[in-house]
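Chemist: coords please:
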Amino acid sequence: MPGALFLEGEKVNLRTVEKEDLEFLRDTYNLEQVRKFVGNRHPANLKQEQEFFEEVVCKEESTDLIICSEEEPIGMISVTPDNKDIQVAEIGLWLHPDHHGNGYGTDASKLIIEHAFKERNFHKLFARVYSSNEPSQRLWEKLEFTKEGELREQVYKNGEFENVYMYGILKTEWF
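Modeler: Coordinates of the predicted model:
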C-alpha cells in the first residue's frame, strides 16, 4: 500500500512516496510510453530509484507524491522549485499508460497546483512539454496554463531533435 494520504481529489489521492513504491517507480519509469516524455534515456534500476528517493524525494525542496486510484499507485507528480527568490516552481507528472485518458492527470494536477499556491506560496508554476506530447499540451491548456514559449530542438529523442513547449500559470490567474 502506498504511503500516507496527503491530498484527496475526486478521482485520485496523492500519497507520500515510500521505499515500498520504488519497484513501481522503476517498472513504470522504464516503460517506453512513460520515459519518452520525461527525458529518461537510460534504464533505471532499483539502486538508482533508491538514490532518487534519498537525494530528491527525501529533501524538503520538492514535493513528490504518488498518484493513486483507490489504493493502487498509477503515477507520480511533483513540484520542484526552480527559482526560490521569486517563488517559481516546475510541475511535472507521469501516469502508467494503462491509466491515460481517465482524468487522473487533471485531478492530480489540480490538487498539486492548489497545494503549491496555497501552502507553498509559489508565485508561478511552469511545465515543460515535448512538442509530440499532445495529451500533455491539452492537459495544461485545460487547466488554463499559458503557452509561454518554445525551445527549439531542445531534446534529442529517437534520433531527432524535438522542440519543447513551456507552459506557465501565475497564482493570480489560478484564483
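Chemist: Give me the buried positions along the longest helix along the chain.
Modeler: For the chain, the helix with the greatest residue count under DSSP state H is helix 104-118. By 16 or more other CB atoms under 10 Å, the buried positions in helix 104-118 come out as 104-113, 115-117. Glycine gets a C-beta too; all of them are placed from N, C-alpha and C.
Chemist: Stretch 159-167 now?
Modeler: Neighbour-count burial for stretch 159-167, counted by 16+ other CB under 10 Å, picks out 162, 164, 165, 166, 167.
Chemist: For the last one, which residues count as its bridge partners?
Modeler: The one in question is residue 167. When assigned by DSSP bridges, residue 167 has beta-bridge partners residue 127, residue 147.
Chemist: Against which helices or strands is the helix or strand harbouring residue 67 packed?
Modeler: Here residue 67, judged by DSSP states H and E, is contained in strand 63-69. Strand 63-69 sits against strand 13-16, strand 72-83, helix 104-118, with contacts defined as 3 or more CB pairs under 8 Å, 6 or more residues apart in numbering; DSSP states H and E.
Chemist: Worst mean pLDDT among those?
Modeler: Note on the helices and strands packed on strand 63-69: lowest mean pLDDT is at strand 72-83, with a mean of 94.
Chemist: Let's see it as CSV, backbone CA atoms only.
Modeler: C-alpha atoms of strand 72-83 as CSV (Å, rounded to 0.1, in the frame of the first residue of the first chain):
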residue,chain,number,x,y,z
GLU,A,72,-3.3,1.5,-6.5
PRO,A,73,-0.3,3.6,-7.5
ILE,A,74,-0.7,4.8,-11.0
GLY,A,75,1.8,7.6,-11.4
MET,A,76,3.8,10.4,-9.9
ILE,A,77,3.5,14.2,-9.6
SER,A,78,6.0,16.7,-8.4
VAL,A,79,6.5,20.4,-7.8
THR,A,80,10.2,21.4,-7.8
PRO,A,81,11.4,24.9,-7.0
ASP,A,82,13.2,26.5,-10.0
ASN,A,83,13.9,29.9,-8.5
